[in-house]
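Asks: Here you go, sequence then predicted model.
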Amino acid sequence: MARLPEPHQPTRSRTPARLWTDRPDRCMLLCMVDSLDIQIINALQIYPRVSWAQLAGILRVDPSTISRRWATLTNQRQAWTSCSEADAPQLREKMISALVEIRCVPGHREHVITELGRQQAISSVHCTSGARDLYVMTSTDSLLSMDRYVDERIAVIPGIVGTRTHYLRKIFVEGANWRLTALSKEQVKALHDFRPSEPPKQRKPIHRAVVAALEGDVRRTAADMQQELGRSLSMIARDIDAVLAADWVRWRVDFAHTLLGWSTAAALWLDVQPLDLERVVASLRLLNHVRLCASVTGNANLAVFLWLRDLQELDEIENKLTSAFPKVRIKDRWIIPRIAKRAGHILDLDSRHLHFVPVRHHQLFED
């Protein structure tokens, strides 16, 4: 179990050596899935193209059982995969990301959700409590583009009566790197050993074509892609391995969170002393509930977004956080009862997958 770095000068008599005593993922499962399903999803999060034969050796389960379980998860829209081309790390740091609060005309929220979901520059859409009805996450290549995008593409949607923008200054934890914790350290290492390790020396058009072919399903077979790419099976297989090893390619293996026990979500807006920020963030990294953690502009300087099994968990997290770091102030808290779009994927009311809207951030404005 991960240990939390203690504050250098605790102001209370005792700081817990283990701040986050998280319950294992196996204990949160609903009847919709079982521990093997969770292990399969967790394994694919680490290496999405692991063969069923390879995974069978790691999980000690027959390959046909794994294949059947994954087919059921995908056919019932409980799990899905995607692959996308990202900026090189040095360019990624220059992107401007923001959270935009949205207020809607009563009775018009569903229409607004649909319109926001269609926009490729918006990666996620969330329903929330408090003074706003929704918030969205989006990124652009400059502050001016972000300002224009909110004003010219979001605020003009019929049914929206107001917006408020929070700029993300630095992202410490993001959902793309989030993992379940259903596997042992030995199993995780075995999966990492199977992953390709030789990225292409240059980003060529064929590599971009391969990523585009894998966009809606990172486990798509080379045979299925052959006619589209016009290359031999061996060349496609080699190119797939190359792009999956590249730092400019991102893959995701997502699932219907409410069916796996994460019944709700919440956001905490924290005021953290600058000298404490590094230690607070280091502590939050150890909490598997955290889906996003970023420094922000506004009255709060740190925003933390959490998946929860129940609302009582929020009380537990707040109590432990403020006990370990007494100077931290919780400026606001939002409850998030529904996620309508996540990383480009449109979800239904049960958080099952409906369809995919590729996320595009570049060239939002030509002038």
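Replies: Perfect, I can see it now.
Asks: got the contact list for the closest residue to residue 217 other than its chain neighbours?
Replies: Using C-beta to C-beta, 6 or more residues apart in numbering and skipping the chain neighbours, the partner closest in space to residue 217 is residue 81 (5.7 Å). Every residue, glycine included, has its C-beta placed from N, CA and C. Neighbour list for residue 81: 44, 48, 217, 218, 219, 251, 252, 253, 254 [criterion: C-beta atoms under 8 Å, 6 or more residues apart in numbering].
Asks: Alpha carbons of stretch 103-113, as PDB, please.
Replies: Provided in PDB are the C-alpha atoms of stretch 103-113 (Å, rounded to 0.1, in the frame of the first residue of the first chain):
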ATOM      1  CA  ARG A 103     -25.300  27.800 -17.300                       C
ATOM      2  CA  CYS A 104     -28.400  26.700 -19.300                       C
ATOM      3  CA  VAL A 105     -32.000  27.900 -19.700                       C
ATOM      4  CA  PRO A 106     -34.100  25.600 -17.600                       C
ATOM      5  CA  GLY A 107     -35.300  22.600 -19.600                       C
ATOM      6  CA  HIS A 108     -32.600  23.100 -22.300                       C
ATOM      7  CA  ARG A 109     -29.700  21.300 -20.800                       C
ATOM      8  CA  GLU A 110     -30.000  18.100 -22.800                       C
ATOM      9  CA  HIS A 111     -30.000  20.000 -26.100                       C
ATOM     10  CA  VAL A 112     -26.900  21.900 -25.000                       C
ATOM     11  CA  ILE A 113     -25.200  18.600 -24.100                       C
END
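Asks: Please identify the buried residues of it?
Replies: Within stretch 103-113, the residues scored as buried using 16 or more other C-beta atoms under 10 Å are 103, 104, 109, 112, 113.
Asks: Now go through these and say which are in strands.
Replies: Per DSSP state E, strands hold the following members of the buried residues of stretch 103-113: 103, 104.
Asks: quick one: strands adjacent to the helix or strand hosting residue 100?
Replies: For residue 100, the host element (DSSP states H and E) is strand 96-104. Note on strand 96-104: by DSSP bridges, its sheet partners are strand 134-140 (antiparallel), strand 160-173 (antiparallel).
Asks: Run through who's touching it.
Replies: Identification of contacts with strand 96-104 by C-beta under 8 Å, 6+ apart yields 112, 116, 131-143, 145-146, 150, 154, 159-168, 171, 294, 296, 303.
Asks: pLDDT averaged over it, what's the number?
Replies: Strand 96-104 shows a mean pLDDT of 97.
Asks: before we move on, the earlier item: taking the contacts of strand 96-104, please make a PyMOL selection of just the buried ones.
Replies: Listed next is the PyMOL selection for buried residues among these, using 16+ other C-beta under 10 Å:
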select buried, resi 112+116+132+133+134+135+136+137+138+139+140+141+145+146+150+154+159+160+163+165+166+167+168+294+296+303
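Asks: quick one: the strands in the protein?
Replies: Taking DSSP E as the criterion, the chain carries its strands at 79-85, 96-104, 122-127, 134-140, 160-173, 249-255, 264-271, 290-296, 302-308, 329-336, 338-342, 345-347, 353-356.
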